[in-house]
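Asker: below: sequence and its predicted model.
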Amino acid sequence: MKLLKCEQEVHIRFCADEETATLYTSYPTWIRKMDKLVEKNPQSFQCIAENEISKTYSMPRNFISIRSKERTVTLTEEQKEQATRRLHGTE
């Protein structure tokens with residue numbers, strides 16, 4: 001089942017007296033991102049529920065943060081060329 005863009009959502013929940021946060025998402029990009037975290041770091045990230053359109057994850061509350069500004073990366077032409085070579089496997 002495919003959801004409309006306006007139906008794809010992410011909810012993060014935690015209480016002040018708990019050390020664990022839960023993240024519910026029906027947004028495919030976030031599901032892929034969280035699944036990678038579960039695979040790479042299963043002691044900290046767990047998938048605790050799922051259905052055909054969404055998943056719920058558990059993680060340490062202190063992993064949740066909000067940035068104060070957008071992060072931008074400025075690459076030199078040489079760095080861009082190196083990244084392109086790595087992407088194509090020619091380096």
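Answerer: Received it, and whenever you're ready, just let me know what you need. For clarity, every value in this text was computed on a predicted model and none was experimentally measured.
Asker: center of the chain, which residue is that?
Answerer: Ranked by distance to the mean C-alpha position of the chain (C-alpha atoms, centre = their mean), the top residue is residue 33 at 3.7 Å.
Asker: pLDDT score assigned to it?
Answerer: With respect to pLDDT, residue 33 scores 97.
Asker: quick check: it vs residue 39, distance?
Answerer: 11 Å (C-beta to C-beta, to the nearest Å). In short, each C-beta sits where N, CA and C put it, glycine included.
Asker: can you give the distance from the lowest-mean-pLDDT helix or strand in the chain to the centre of its chain?
Answerer: The helix or strand of the chain with the poorest confidence is helix 77-88; it has a mean of 90 (mean pLDDT, DSSP states H and E). Centroid displacement of helix 77-88 relative to its chain, using C-alpha atoms, centre = their mean, to the nearest Å, is 25 Å.
Asker: ok so, going back, give me the element the residue nearest to the centre of the chain is part of.
Answerer: Per DSSP states H and E: residue 33 is located in helix 28-40.
Asker: other SSEs contacting that helix?
Answerer: With contacts defined as 3 or more C-beta pairs under 8 Å, 6 or more residues apart in numbering; DSSP states H and E, helix 28-40 has these neighbours: strand 20-25, strand 46-50, strand 55-60.
Asker: mind putting the ones you listed into TSV with mean neighbour count and distance to residue 87?
Answerer: Shown next, in TSV, are these (neighbours: other C-beta atoms under 10 Å; distance: least, C-beta to C-beta, whole Å):
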stretch	mean neighbour count	distance to residue 87
strand 20-25	18	28
strand 46-50	13	30
strand 55-60	18	29
